[in-house]
Structures are given as structure tokens and as C-alpha cells.
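Participant: Sequence first, predicted model second:
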Amino acid sequence: MGFLENVAIQWLIRRVPELVGLITVTASLIAAIPPEHMATIMAILTGQGGGLTVTALIGLGVWVYAQIISFRQTTKPKQVEQIGGKPVEISSGRKSLVDILAGK
């Protein structure tokens with residue numbers, strides 16, 4: 001049991017759950033990527049991106065942007081107010097696309 005008293009070994013043991021979580025999240029994200037986007041990413045990473053069309057690159061860019069915005073909106077703290085006894089989320093002041101199209 002002498003090696004478990006080593007500070008470096010204890011530090012490595014404490015990192016195991018973090019690494020397992022990181023590996024699990026990474027594998028889940030990779031598994032969730034649509035096949036056409038995965039093919040585009042693999043083409044770019046293997047240096048074959050020159051054969052990709054502009055449409056494929058734009059589609060991948062929009063998908064990445066959507067994922068980033070979704071993550072930011074999910075992790076952003078929400079401000080809630082009680083209006084008429086019901087909790088109502090306070091808007092950030094930005095109009096949604098539906099509001100703009102409806103003329104609100």
C-alpha cells in the first residue's frame with residue numbers, strides 16, 4: 001500500500017473519474033453527429049477537404065454554429081418572474097423569428 005501514499009498517484013487516481021466522463025461525453029457527441037457531417041469532418045481532418053463543395057462546408061458551419069448556440073442557451077441562467085401567480089421567463093429583449101414574422 002506504500003505506492004498509494006504517493007501524492008502523484010493519488011492525483012492520478014482522482015483524475016480517473018474526470019477522464020472517464022470526458023471520454024464518455026466525447027464518444028456520445030461523436031455518435032450523435034449525423035453521417036453526412038461526420039463524412040465532411042473526416043474529409044477535412046484527413047486533408048481531403050479540397051474536394052468538398054462550398055455547400056458542404058456551409059452546412060457543416062451552420063450545424064456547428066447551431067450546436068454552440070444551443071449549448072450557450074442551455075447553460076445560460078434563466079431569469080424568471082412571477083406574473084399573475086405563474087412563473088414567466090423574462091426575455092433577453094431579442095425577438096424570436098416567429099415574433100418577427102408575426103409582426104409582434
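Facilitator: The structure has been received and is ready for your questions.

Participant: any low-confidence regions in this structure?
Facilitator: 1, 91-97 (pLDDT under 70).

Participant: for it, which helix is longest?
Facilitator: What stands out as the longest helix in the chain, according to DSSP state H, is helix 7-32.

Participant: chain center to the helix or strand just after that helix, what's the gap?
Facilitator: As assigned by DSSP states H and E, the chain's next helix or strand after helix 7-32 is helix 35-45. The chain centroid and the centroid of helix 35-45 are separated by 17 Å under C-alpha atoms, centre = their mean, to the nearest Å.

Participant: In helix 35-45, which residues are buried?
Facilitator: The neighbour-count check on helix 35-45 (16 or more other C-beta atoms under 10 Å) flags 40-41, 43 as buried. Where you see a C-beta, it was placed from the backbone N, CA and C, and this is true even at glycine.

Participant: Which helix or strand contains Gln82?
Facilitator: Judged by DSSP H and E, Gln82 forms part of strand 80-83.

Participant: List the strands paired with that strand, with their directions.
Facilitator: Sheet pairing for strand 80-83, assigned by DSSP bridges, gives strand 86-89 (antiparallel).

Participant: Can you name the residues in contact with whatever helix or strand comes next after the strand it pairs with?
Facilitator: Moving toward the C-terminus from strand 86-89, the next helix or strand (DSSP H and E) is helix 97-102. Helix 97-102 has contacts (C-beta atoms under 8 Å, 6 or more residues apart in numbering) with no other residue.

Participant: Ok, stretch 38-51 next?
Facilitator: 30, 33, 52, 56-57, 59-60.

Participant: Nearest to Gly85 among the buried residues of helix 35-45?
Facilitator: Ile41 (48.8 Å; C-beta to C-beta).
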